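In: curious how this folds, go ahead:
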Amino acid sequence: MIFGGPSPEHDVSILTGLQASRCLLDGGDRVHGIYWAKGGDWYEVDPGLEGRDFIDGPPRGASRIELVLGPGGGFRSSGRSLRSRQLQIDVALVCCHGGPGEDGTLQAALELAGVAHTGPSVAGAALGMDKLAFGAVVAGAGLPTLSRHLLCPNGADVDFAPPYIVKPRFGGSSIGIEVVADVGAALSLLRSSVHLSRGAVVEPYRADLFDLQIAVRSWPELQLSAIERPIRSGPTDESGILGYRDKYSGGAGMVSAPRELPAKVTSELEKAIHDATRRIASLCSIQGVARVDFLSDGSEIWVNEVNTIPGSLAHHLWVSPALDFIDLIRHLLAEVQSEQLRYSSTGADGAILSAASSIASKLA
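Out: Numbers count the residues shown, from 1 in each chain. Prediction:
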């Protein structure tokens with residue numbers, strides 16, 4: 001069980017990891033708790049801890065470990081001893097939200113270390129975290145989506161009228177998002193917000209649209225959850241957008257957040273969401289469980305984004321069809337164990353090296 005990480009969503013990741021850990025422990029499974037600290041260090045922790053135990057960082061009793069790459073790699077107890085202990089891990093259940101835990105960085109490291117993991121592939125994670133690239137893929141596939149442009153220090157080549165919504169190009173679905181009145185305000189935000197330091201995108205802000213969300217899982221077969229309509233905080237949120245506090249400040253994550261589930265939508269809208277979600281699952285090579293977010297005016301939909309490691313693994317969305325959390329987790333693990341990634345050097349037979357001229361001649 002991997003949770004935490006150097007991400008603004010560090011705290012929510014801890015809660016997701018501990019929820020999943022507790023569920024597996026109650027089901028009689030053996031669980032290693034692997035905590036990724038804000039500073040990047042790794043620790044083995046008691047998987048039965050509470051969220052408050054991590055408020056000040058690594059909890060009492062945590063043991064330093066290291067992630068070792070290469071053959072025979074994996075998680076090992078920290079230190080220079082030749083007798084360092086290796087954690088025997090069948091599958092790593094990745095519960096990291098945002099940052100390097102969800103953008104393909106962690107996935108690549110685990111694969112190089114030979115650690116099988118749940119969730120997106122390296123490519124799928126990277127695409128899901130890059131709002132500009134994901135928007136381009138969706139638009140290129142002919143799916144409805146709002147215009148999305150890169151916001152640069154010298155401006156943005158927008159083809160729509162203000163107001164605008166500014167989002168981190170690389171980030172989760174809630175943090176660092178602001179509504180601004182004009183390009184000047186967007187540029188000011190770009191210079192001042194730490195969440196936009198790696199890049200930003202700008203989109204038209206439409207107050208008439210509301211959020212609709214659906215989960216999709218790939219094992220044992222492609223399956224869609226009920227559609228949810230999260231309820232925004234209204235007058236308490238000046239931006240009028242579904243924010244981080246709307247989602248997670250209720251004490252139990254999205255389970256306690258205001259919502260309409262299943263959402264009251266027309267059969268035509270439901271079909272459009274189902275069709276688009278299946279298409280996105282294919283375009284983004286969805287593995288495990290993901291959440292797809294839409295915007296709607298009640299009659300049409302626009303694809304907003306995909307969350308490849310959703311909070312609480314989106315288990316609260318599985319009400320129709322009903323799916324117990326333990327079954328969702330065990331299916332995630334079973335999918336990985338059924339077909340593990342294997343890199344291959346087939347085709348690298350030395351023929352090109354034998355036929356190559358000297359390196360010096362290639363540099364001439």
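
In: what's the distance between L189 and G104?
Out: 26 Å (CB to CB, to the nearest Å). Heads up, the C-betas are built off the backbone N, CA and C, glycines and all.

In: same check on S174?
Out: For S174 relative to G104 (CB to CB), the value is 20 Å.

In: next: R259.
Out: R259 is 30 Å from G104, by CB to CB.

In: not counting sequence-adjacent ones, nearest residue to L110?
Out: H117 (4.6 Å; CB to CB, 6 or more residues apart in numbering).

In: you'd agree that neighbour is up against C95?
Out: No - assessed by CB atoms under 8 Å, H117 is found out of contact with C95, at 10.7 Å.

In: ok, those two, which is more surrounded?
Out: C95 (30 against 24; other CB atoms under 10 Å).

In: so who does that one touch?
Out: M1, I2, F3, S13, T16, G17, A20, I309, L313 (CB atoms under 8 Å, 6 or more residues apart in numbering).

In: just the pLDDT for the fifth one.
Out: It stands for T16. T16 is assigned 98 on the pLDDT scale.

In: hang on, it is in a helix, isn't it?
Out: Yes - under DSSP: H, G, I helix; E, B strand; the rest coil, T16 falls within a helix.

In: neighbours of it, how many?
Out: 26.

In: and if you look at the first one?
Out: When counting by other CB under 10 Å, one arrives at 23 neighbours for M1.

In: distance check, it against Q19.
Out: M1 is 10 Å from Q19, by CB to CB.

In: likewise the last one?
Out: L313 sits at a distance of 8 Å from Q19 (criterion: CB to CB).

In: what of S358?
Out: In terms of CB to CB, S358 sits 60 Å off from Q19.

In: okay, those two: which has more neighbours?
Out: Neighbours were counted for S358 and for Q19 using other CB under 10 Å; Q19 has more, 22 against 8.

In: spatially, what comes nearest to that one if we skip its sequence neighbours?
Out: With CB to CB, 6+ apart, the residue lying closest to Q19 is S312, at 5.9 Å.

In: next one: A139
Out: T145 (5.5 Å).

In: likewise G298?
Out: L269 is the one closest to G298 (CB to CB, 6+ apart), at 7.4 Å.

In: and that neighbour, what element?
Out: helix 267-283 (DSSP states H and E).

In: thinking again about what came up before, give me phi/psi at the residue nearest to L110?
Out: phi -140, psi 150 (degrees, to the nearest 10).

In: bridging residues for it?
Out: On the basis of DSSP bridges, H117 is bridged to A92.

In: tell me which strands and helices the helix holding L269 is in contact with?
Out: helix 131-140, strand 210-217, strand 223-230, strand 289-296, strand 301-307 (3 or more CB pairs under 8 Å, 6 or more residues apart in numbering; DSSP states H and E).

In: and the fourth one, average pLDDT?
Out: I take that to be strand 289-296. pLDDT averaged over strand 289-296 gives 98.

In: likewise the first one?
Out: For helix 131-140, the per-residue pLDDT values average out at 98.

In: pull out the buried positions in the helix or strand following it.
Out: Per DSSP H and E, helix 131-140 leads on to strand 149-151 as the next helix or strand towards the C-terminus. Across strand 149-151, burial judged by 16 or more other CB atoms under 10 Å covers H149, L151.

In: list the helices and strands strand 149-151 packs on?
Out: Using 3+ CB pairs under 8 Å, 6+ apart, strand 149-151 is in contact with helix 183-192, strand 200-204.

In: comparing these by mean pLDDT, which bottoms out?
Out: Taking the mean pLDDT of the helices and strands packed on strand 149-151, helix 183-192 comes last: a mean of 93.

In: quick one: residues in contact with that helix.
Out: Contacts for helix 183-192 (CB under 8 Å, 6+ apart): 151, 153, 155-156, 158, 162, 164, 166, 178, 180, 196, 200, 202.

In: residue ranges with poor pLDDT in this structure?
Out: 79-83, 173, 233-256, 340-341 (pLDDT under 70).

In: what sits against A200?
Out: L150, L151, V166, K167, P168, R169, A186, L189, L190.

In: distance of it from D324?
Out: On the measure of CB to CB, A200 and D324 end up 40 Å apart.

In: what do you get for A161?
Out: Taking CB to CB, one finds A161 at 47 Å from D324.

In: how about the contacts of helix 183-192 in CSV, adding distance to A351?
Out: Output for the contacts of helix 183-192, formatted as CSV (distance: CB to CB, whole Å):
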residue, distance to A351
L151, 48
P153, 48
G155, 51
A156, 49
V158, 52
P162, 59
Y164, 55
V166, 52
E178, 56
V180, 57
L196, 48
A200, 47
V202, 50
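
In: test my guess that G17 contacts F3.
Out: Yes - applying CB under 8 Å, one finds G17 in contact with F3, separated by 2.5 Å.

In: hey, what's in contact with both of those two?
Out: In contact with both G17 and F3: G33, Y35, C95, using CB under 8 Å, 6+ apart.

In: mind listing the strands for the stretch 51-200 of the chain?
Out: Per DSSP state E, counting those that start in this stretch, the stretch 51-200 of the chain carries strands over the ranges 63-68, 74-77, 149-151, 164-168, 178-180, 200-204.

In: and the ones you listed: which comes nearest Y343?
Out: strand 74-77 (16.2 Å; CB to CB).
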